[in-house]
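> need a 3D model of the sequence below.
(2 chains)
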Amino acid sequence: MQTTQTPTMTTSQLPQVQMPRNDGMPLDLDWVMAVQANTSAIERRAKTLPGRRSVKKDYQAAWLCKAISLMDLTTLSGDDSKGRVRRLCAKARQPVAQPILEALGMEGLTTGAICVYHDMVPTAVDALQGTGIPVAAVSTGFPAGLSPFHLRIAEIGESVAAGAAEIDIVISRRHVLTGNWQALYDEMKEMRAACGDAHVKAILATGELGTLRNVARASLVCMMAGADFIKTSTGKEPINATLPVTLTMIRAIRDYEDRTGVKVGYKPAGGISKAKDALVYLSMIKDELGDRWLQPDLFRFGASSLLGDIERQLEHHVTGAYSAQWRHAIG
Amino acid sequence: MTIKEIFDTMDYGPAPESSAEALQWLADRGGIAGHYINGKWGPLRDDFASNNPATGEKLAGVTKGTAEEIETAVAAARKAQPTWAKSGHKRARVLYAIARLMQKHSRLLAVMETLDNGKPIRESRDIDVPLAIRHFYHHAGFAQLMKAELPEREALGVCGQIIPWNFPLLMLAWKIAPALAMGNTVVLKPAEYTSLSAMIFAEICTEAGVPPGVVNIVTGDGETGAALVDADVDKIAFTGSTEVGRKIREATSGSGKALSLELGGKSPYIVFEDADMDSAVEGLVDAIWFNQGQVCCAGSRLLVQEGIADRFYTKLKARMDGLRIGDPLDKCIDIGAIVDPVQLDQITKMVSANTEGETYQTTAPDGCFYPPTLITGLSPASTLMQEEIFGPVLAATTFRTPSEAVEIANNTRYGLAASVWSENINLALDIAPKLAAGIVWVNGTNMMDAAAGFGGVRESGFGREGGWEGLAGYTKPKGTAKPLKKVEAFTTEDGHPADPLDRTAKLYIGGKQARPDGGYSNPVYSPRGKLLGHASVANRKDIRNAVEACNAAKGWSKTTGHLRAQILYYIAENLSARADEFATRINQMTGGRSGADEVETGIRTLFTYAAWADKYDGQAHGVPIRGVALAMKEPIGNIGILCDDAAPLAGLINTMAPAIAMGNRVILVASEPFPLAATDFYQVLETSDVPAGVVNIITGSHAELAPTLAKHLDIDAVWSFSSSDLSAEIEKASAGNLKRTWVNNGTAMTPSTADYLAASTEIKNIWIPYGE
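Predicted coordinates for the structure are as follows:
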């Protein structure tokens, strides 16, 4: 069913396919401690950005399609079952009704990945066989990250063995909150090593880190330890992805690239449920990091309900009539 | 492009705001902007064109107001004023209605502003219009509170207001809202380039029930403005260039018209090495690329700590590359059109003439656009570090230490605003008070609000707009002052001394008794013709020396209020010990019997300002951010004072005490006919621990010394209580450095304690956003 897939929507979503992975660097504590993040200034930038950037008509439709291609379609619930995961995978393969995609000239559009718990990895891998859509597994005692360390490392190995191409690990928040950057670095490095060829997204759980300064420093330490992606949240914290947190993390990514030449990916997760929000995120990435980051190897939305709103907007674009939620297939 | 192609390029594409409604609005009204006088339109003539700078197309014809039309408008305002001033509550209702109506027409106002001025729709929609509305809401409150909170103040009368083209509607709001709130009526002249949003505002006034004559708008150019300055108004409020501000200062001198000037700037933007550099870079976008840099308080001088300069410039250039310049009506545009080809030409010339440093420019479309520009490697001596460009051009230099940052920042004739970026609260809060500026933003820039005063020091003008402090500019003390007769010295045919032991009265400069530079003295006689002594005849060089002494005493301004209070009490104590002697001396000179009363008054006055020295608190304004705007009361600096002639001791103390209590250094020119109380008084000062140079006492001719004081570029304010008619001359000469003047205009001023304290201080608003 993926016969119409175009070259830019191939399987080449992993950083290691297109460019050298982030091999990290020695922990540079001077750099970490010199990092500043002025909360009120960052908030002002985040607050005014939606008023400064606007995409309309065909551009808006294209940007929303882009958002879909950058989406880690996610289910992370205690009641997940094989059937539920297969249904989600079907949605990942066909995120938007075929007639709408045809009208947009965007046949073959898929989501960026599927993101599930470890137990669901084999089901998802099987359901996505031949599509090129990678399966990401949350790992390391997700979401709290407080299970025994050797089990967390073992969990990564098992998920990779089960076919997960991407591993979303959670960091130990206490290392950040106590300023134990060495411990955070060591933990991240070991997790990265356990991932092997699978690429690793470091979930900072920014809603539990207290300050943007901590977010900036934790971002940097994780990149130094070899994270391929840094990710905001598990989706289970009281506050998940926000624009100020995003700005803080992507500025850290930019500094890391300036210093090392290595591009690290970014994944906001949790709380992004409106098409308009997705557009704001994309413009922030475009303006702060550049167009190169608007590809699935360097940017993902972690989202479960965002797709529904985008589908409605796309149908509206095609028909000129506002859409209804029940007209679009559930995932 | 197909959706698929856009998907690959991820371009922004066009996002135009429609101009149809605004253009239709103009067409429906005949396509001509003109006068709104006494609640009616007209005359409307197509005297010159108002163009859309982004396209060059004509938007409307504009009527050039004549002197007669100005007179008609002023007469209408004069007639309407007494009734308008009666009820604060009624005014509050009208101002509230204006705010509501502006909100209802907000998009029309925003689009018209962008069409007319060329600023991005994002700015007119999200900043100019909401801030203008906020001013009317806020000042509706001041109208409501005036009676209760400002019981000693009343309206000035008719205010002539002249506004610039960079924020046509916002500046209109800043001018009209406080004037109306305090019971004044206005005649406002919009800028030549940008009259159109004022037309919508005039219609709103009608709809809001503004009584005829309360708001009058006369369109026109510089000549129309000059006619308004000359008209029978009680105040001129001007925002615009320093050059024109200076002319207005000269033109209104001696007229008794109140004046507020909000002029140019070359505001420093200081980045310390511990700053959040990315945020500081982003701040610059709002500092110098906001409104194409055509902002009086634009952060146009970048001062970066040397160690981070290269990295900062690299980040800044990358950010500049991301700025989108083009059609101002596009909702995805950061930088729009320059207001007029004349302004574009001016910017282009100034940048082309520069041969120093390295220039980095992005690109701009053809037409009336100028690209964002950064010029690094400049020094304070560079023209572009000193002169206001009023365009999107940032001039940059480096510094090594905090004190050097302050030194470079203050190395300017201007003093409007400043930004300080540091994550160290100790550093930021140490630097902010040291900057010569009316507004300081800590880790931010261009934050403005109706609740916080806006305005500058030095040649950036005087007066504040917004906040409680802004109300002073639209009110005056109640009551009318009596005319003041010249107090003449006594002459004689006798000439024998009253006391055979000759006493030498010298000048008192820098804590030392000094003989006058000229070497002349004048005899002082009693009414009965006895020679009481000689007083030195000071000349311009003595004034020069006194100013040097003031500057050497700058530390006084940094002392604590507690210390200044102690010294004032001590002066009172020492004066009290010699009360009889002073009383006798005063009686001898004036021939009256009020000497003892005058000494007693002087002692009370010293106690009053000793009391205030550590109690004249600033305010924490409730601005709509997470943070505070601290309105700090700072000393003016060096004040030259021509003292009251009739009350040789009490008059001198009346002015000296508040001035030094607030931390100023003073040059007191003693009562001309009765100078010997002042010269006795320096002995009191000498025994009272007053640091050298804080108080300097000069004797001589007021008429001769006043011009020197008023012209001196290192004197920050001149007050005249003299019975010689010097007000016009002082005000005219003050235009040189736009010093603050407080003159009696030939009347016997009886200022309140509050008036003295206000005249002795300058309010600096320090914006401190916070949050971690």
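
> leaving out chain neighbours, which residue sits closest to A:I68?
Once its chain neighbours are removed from consideration, A:I68 has its nearest residue in A:P95; the separation is 5.0 Å (CB to CB, 6 or more residues apart in numbering or on different chains). Every residue, glycine included, has its C-beta placed from N, CA and C.

> quick check: pLDDT value at that neighbour.
Each residue has a pLDDT score; the one for A:P95 is 97.

> and it, how close does it get to B:A553?
Here the distance between A:P95 and B:A553 works out to 76 Å (CB to CB, to the nearest Å).

> and what of A:T206?
As judged by CB to CB, A:T206 and B:A553 stand 54 Å apart.

> neighbour-wise, which of the two wins?
Regarding A:T206 and B:A553, a neighbour count based on other CB atoms under 10 Å in any protein chain shown identifies A:T206 as having more, with 32 against 23.

> wait, isn't the more buried one in contact with A:T232?
Yes - using CB atoms under 8 Å, A:T206 and A:T232 qualify as a contacting pair, with a distance of 4.9 Å.

> now the common contact residues for these two.
A:N240, A:A241, A:T242, A:V245, A:M249 (CB atoms under 8 Å, 6 or more residues apart in numbering or on different chains).

> as CSV, these with distance to chain B would be great.
Compiled in CSV, these are given as follows (distance: CB to the nearest CB, whole Å):
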residue, distance to chain B
A:N240, 19
A:A241, 19
A:T242, 13
A:V245, 14
A:M249, 12
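
> of these, closest to A:L184?
A:M249 (15.0 Å; CB to CB).

> OK, contacts around the closest one?
Here A:M249 is in contact with A:L204, A:T206, A:V215, A:A216, A:S219, A:I230, A:T232, A:Y266 (CB under 8 Å, 6+ apart).

> in helices, which of these fall?
Judged by DSSP state H, the contacts of A:M249 include A:V215, A:A216, A:S219 as members of helices.

> show the contacting residues for the second one.
Put plainly, it is A:A216. Neighbour list for A:A216: A:V35, A:Q36, A:A37, A:T248, A:M249, A:R251, A:A252 [criterion: CB under 8 Å, 6+ apart].

> of all those, which two lie farthest apart?
The widest separation within the contacts of A:A216, taken as CB to CB, falls between A:Q36 and A:M249 and amounts to 14.4 Å.

> hmm, B:G595 and B:T584 touching each other?
Yes - if you go by CB under 8 Å, B:T584 and B:G595 touch, sitting 6.3 Å apart.

> ok now stretch A:216-229, how far from the chain's centre?
Its chain's average C-alpha position is 15 Å from that of stretch A:216-229, according to CA atoms, centre = their mean, to the nearest Å.

> ok so, going back, closest one of the contacts of A:A216 to B:K558?
Comparing every one of the contacts of A:A216 with B:K558 (CB to CB), the shortest separation belongs to A:Q36, at 29.8 Å.

> SS state for the closest one?
A:Q36 falls in the coil class when you classify it by DSSP: H, G, I helix; E, B strand; the rest coil.

> neighbours around the residue nearest to it when sequence neighbours are not counted, how many?
Closest residue to A:Q36 in three dimensions, ignoring its sequence neighbours and counting by CB to CB, 6+ apart: B:D276, at 4.0 Å. Other residues within reach of B:D276, judged by other CB under 10 Å, total 26.

> which residues touch B:D276?
In this structure, B:D276 makes contact with A:Q36, A:A37, A:N38, A:A41, A:I42, B:W421, B:E423, B:N443, judged by CB under 8 Å, 6+ apart.

> give me the distance between the residue most central in space within chain A and A:F301.
With distances taken as CA atoms, centre = their mean, chain A has A:K267 as the residue nearest its mean C-alpha position (2.9 Å). Counting by CB to CB, the gap between A:K267 and A:F301 amounts to 7 Å.
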